Every structure is written in structure tokens, then in C-alpha cells.
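Undergrad: What shape does this take:
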Amino acid sequence: MGDDLLSLRNYIAGVEVEPKRGTWFEVFNPADGSIVALAARSGAEDASEAVAAACDSFQRGVWAHLPERARATVLLEISRRIRERREYLARTESTDSGKPLADAEADIDEAAYLFEYYAGWVTKLGGEIPPVGPHAMSLVLREPVGVVVCITPWNYPMLMAAQKIAPALAAGCSVIVKPAEQTPMATLELARIATAAGLPDGVLNVVHGYGMEVGEALVDSPLVDMVSFTGSLEVGRRIQQRAAHTVKKVTLELGGKSPNIVFADADLEAAIRGSCFGVFWNQGEVCSAGSRVFVHRAVWQDFLDGVGGYVNQLRIGHPLEAGTTMGPLVSKEHWDRVHRYVEVGLNEGARPIFEGRLPDDPRLQHGYYLAPIVFSDVTAEMTIMREEIFGPVMSIIPFDSDADAVQWANDTPYGLAAAIWTRDIGRALNTAKAVRAGTVWINDSQPAPSESPWGGYRQSGNGRELGRQGLEEFLETKHIYVNLKA
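TA: All right, here's what the predicted structure looks like:
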């Protein structure tokens, strides 16, 4: 290991430990391709150690059996300490993932709020006493599911970790987190913060590494009660298959190919701005990105003109520089993947009508920057309309009737989100009901309030995160029957 690089060790039972095999992997800054850290390349032995620590903490009840007010107090203290470290965490997140600093700051703010929000739920997880006659009593209790493995993505490292950890801790679970290997830095810092806030050792553990080497070992463990995964459809399928061997609970938030429907009566300026934001925000590395844009033919040309103006004003640059609105993609591997999709679109006959400008700063020549691109002359059968790209690529198709818009919107194996732009409330609600998606925005794009459920239909996954529903995923229901005549 180099002395000038950060060393990201595993965090197990409140202690930072080196990987059992003594091997490490490099973490890159996508802005310039430089190496910023070395992270533990964990294997099955490290997974077993983390599972043992989580099981021990859960079985001894050091967290699950604490009074509810005490657990809520710790979650509030975690929130306070995240806010206290806001600047450092945001710069870390930006360096790790490539997102503009302002976006990273917003992510840190929301991560802090998630711990605050779920702290409020800890004291409100009541059960039920359903009527079962005069000579018996039926008690319905809510209990923590147990040991939970959380596997988080690289596009929102800190926020997605908080989105899983906060409700899991609120429920009383013990947690093991495997962050994405591209972006492991902020999650380790979150574990340190949690310990400093009073979370008992072993309740929150972090294991770095690759999915095939350590992630699958965590999923396979019979001592793990639940897996919560956010990531690609391919990996989600594999996790679900492996988890089936021990019949453990699995929640999956997978890919998306979200439709964005602009009707003729829409506030066109708002629709253009929201539609573009829905594709180019966070470099297009958003599972709910509204990359399939359907525009009524009556406003087609005006919409295209507005999109062209939006793309021209995007400023691609170093994520830590003021004024940058789009940073690099997260890795060279992902850059290659998105670039291949652009080439496939061209080869299949899609016509590029707008393309952004790459930065000309020589310091950024090794960064993973990709110019945003807008395609027209697209058909529903094209690859760029069928598969999730996870990059700044927009495809636009004109439509003539409401029925066509709904049919094309639902012509996808995914069902995570959708956006509808219209001034007609009846049309808006009827379309929202007809579209098969877990979240439907009307005259907006991409808000995901922490107070409301988030998750998808069909191959976008199962289960929900955020809101009360996200907390309930980490709870078991126990029924106790009492014979009062005994």
C-alpha cells in the first residue's frame, strides 16, 4: 500500500481491520483517472467475520433490546454528526463518484434527514390486539427481521447506504454493508460516525470488495436473515437465486427505463426543463432516468428547440469546480458501456440531433467524461429504447394519441418510475393509473421524498424503500395467542 493513499479497511465489530487475504484494490477519481485510495479486497473469510459480529450483536440484544427512546436518540445523533461533517462527506462523495459538489451536498443533507426521519418512527412501531372472543387474547407484535446485508450502488453511495441503514437500525436489526467497489469511501465514514454517535459495536459493519468474491458469500450465509440490494437487473437476479437456497427475505431495487410523456397541453417550458433534468441529472446515472421521452406531435418542434437550448447550457467539468452541472461517469468501464450504447444507437439508425461539449481542460483528459446526446428518429424496438443505459442519453419519439403514449410507456420490462406533463388533471390521473410504475410524477421529474415509498413493478424489483413501507421491510410479524381460560 502507498503511504500517500487512503487505506479503506473493513469495519467489523467497531474496529477497522485489514482483509484476511492481505489484498487491496484501487479506487479511482473519475474526474482525472487518478488513484485516490486502496480498499480492502475482501473474501469469504471477511464475510464470515462480519456476519459473526452482526449475529453476536443481534443475539445479545445490545441494540435490538435497547429501549426505543435510547435507539431513537442514537439515530438523531448520527444525523447530527453527518450534518457536522457535511463538507468533508460531500467532497468525499464527489471525489468518489464524479457528481458535482452541489449534488453531493444535497445527497449528504438527505442522508442526514433519513436518520432523523426514521428516529421518529422508532417509538411508533406498535402492534395490534385483534378481537378473538371473550376467552382469548391475540397479540400481533412487530420485531426486527435480524441480520441484514445491504448491498449499495455507486451512483448515490452515501444516500443509498443511509436509505437502507437508517430504517434497518430503526427496526432494531444488525447490519452489514457492502458498498460498490467504485465508491467505498463515504460508507466507511458513515460507520465511524455511527460508532461515535453511540451505536454498539457489531451493529453496523462495512465490508469492501467485489460481488463475486465477498458479496455472494454474504448473501449465501445461512446466518443472514435478509438482503437489501440496489443495482443492476443482472446482479439482482443472481442475488435472488442465491438467496433462495436459504429462503431469506430479499428486497431489490433494480433498473429502469422510465417513460416521460409530454402532452400538447403541458407547460412546455417546465416540461422541457424537467424532461432534460430527468435524463442528464447525475450524469444520467439514475435508475429512474426518464430516458424514453414521448412528445405529442403538436408540440414536437418547440420541444426539440427547447431541449437543444438546455443541452447547450450544460457545463461539463471537474465536479469540485463551481458552475459544473455535469461531471464524469463513475469509471472507465462504465464510460465504455455507455459509449457502446451510443454507437449501437447510431448503427441502428437513430439520428443524433443534439450533443453536449466535452471539457477542454488538459488536466481532465484522463477523466471519464461523456457528452450528453439526444436521439431522434428512434423506434420502440431499438436497443437504446429497450435497455437501461445509465448515462446521459435521451431518445425522443412523437405520438398522436393518449392511447399511443400509454402503450409505448408500458412497452418495457421495467416499471420503476414515469413522468407525465399536462395541465389536464383528468388526463394526468388517468394516465398515471394506466402506467405500470412504482412512482408516477405529474408535472415534475425525479423527486423521491424520504417520507414516501420508492420501488418498482416487474423487473425493476420488489419491496419498497423510504417512508413507512421502507421500514416495514425490516420487520417480522409475530402472533401470540393467549388462552384466558387456562
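Undergrad: Strands of the stretch 201-350 of the chain, residue ranges please.
TA: 204-206, 226-230, 249-253, 259-262, 292-296 (DSSP state E, counting those that start in this stretch).
Undergrad: need the contact list for the closest residue to Met226 other than its chain neighbours.
TA: Leaving aside its chain neighbours, Met226 sits nearest to Lys249 (4.2 Å; criterion: CB to CB, 6 or more residues apart in numbering). C-betas here are computed from N, CA, C, even on glycine. By CB atoms under 8 Å, 6 or more residues apart in numbering, the residues touching Lys249 are 145, 225-227, 473.
Undergrad: Tell me the one of the residues you listed nearest Ala44?
TA: Among those, Val227 lies closest to Ala44 (CB to CB), at 16.1 Å.
Undergrad: Dump the contacts of Lys249 into TSV; add pLDDT as well.
TA: Below are the contacts of Lys249 laid out as TSV (pLDDT from 0 to 100):
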residue	pLDDT
Val145	98
Asp225	98
Met226	98
Val227	98
Glu473	98
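Undergrad: okay, the strands of the stretch 201-350 of the chain in JSON lines with distance to Ile442 next?
TA: Below are the strands of the stretch 201-350 of the chain laid out as JSON lines (distance: least, CB to CB, whole Å):
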{"stretch": "strand 204-206", "distance to Ile442": "38"}
{"stretch": "strand 226-230", "distance to Ile442": "25"}
{"stretch": "strand 249-253", "distance to Ile442": "22"}
{"stretch": "strand 259-262", "distance to Ile442": "10"}
{"stretch": "strand 292-296", "distance to Ile442": "15"}
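Undergrad: Pull out the buried residues from stretch 346-358.
TA: The neighbour-count check on stretch 346-358 (16 or more other CB atoms under 10 Å) flags 348, 350, 353-356 as buried.
Undergrad: Tell me where the stretch 1-150 of the chain has strands.
TA: Using DSSP E, counting those that start in this stretch, strands in the stretch 1-150 of the chain cover 6-8, 10-12, 15-17, 24-28, 35-40, 136-144, 147-151.
Undergrad: mind giving me the domain split of the chain?
TA: Domain segmentation of the chain under automatic domain parsing yields 6-253+460-479, 259-447.
Undergrad: For Pro453, find the nearest of the ones you listed.
TA: Comparing these by CB to CB, domain 6-253+460-479 comes nearest, at 4.0 Å.
Undergrad: Would you mind telling me which of the domains of the chain is nearest Trp454?
TA: Nearest of these (CB to CB): domain 6-253+460-479, 4.5 Å.
Undergrad: which stretches of the stretch 301-450 of the chain form helices?
TA: 332-347, 383-386, 402-409, 425-434 (DSSP state H, counting those that start in this stretch).
Undergrad: Below-threshold pLDDT in this protein: ranges please.
TA: 1-3 (pLDDT under 70).
Undergrad: tell me the helices in the stretch 1-150 of the chain, going along the chain?
TA: 44-60, 68-84, 86-97, 101-122.
Undergrad: Just put those helices in a markdown table and tack on mean neighbour count and distance to Asp404.
TA: What follows is the helices of the stretch 1-150 of the chain, written out as a markdown table (neighbours: other CB atoms under 10 Å; distance: least, CB to CB, whole Å):
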| stretch | mean neighbour count | distance to Asp404 |
| --- | --- | --- |
| helix 44-60 | 20 | 50 |
| helix 68-84 | 18 | 46 |
| helix 86-97 | 22 | 38 |
| helix 101-122 | 21 | 35 |
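Undergrad: Make CSV out of those helices and add distance to Gln459.
TA: Below are the helices of the stretch 1-150 of the chain laid out as CSV (distance: least, CB to CB, whole Å):
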stretch, distance to Gln459
helix 44-60, 28
helix 68-84, 33
helix 86-97, 25
helix 101-122, 26
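Undergrad: Let's check: the centremost residue of this structure is which one?
TA: Among the residues of the chain, the one closest to the centroid is Met160, at 4.7 Å (CA atoms, centre = their mean).
Undergrad: Regarding that one, what is its secondary structure?
TA: At Met160 the chain is in helix, as set by DSSP: H, G, I helix; E, B strand; the rest coil.
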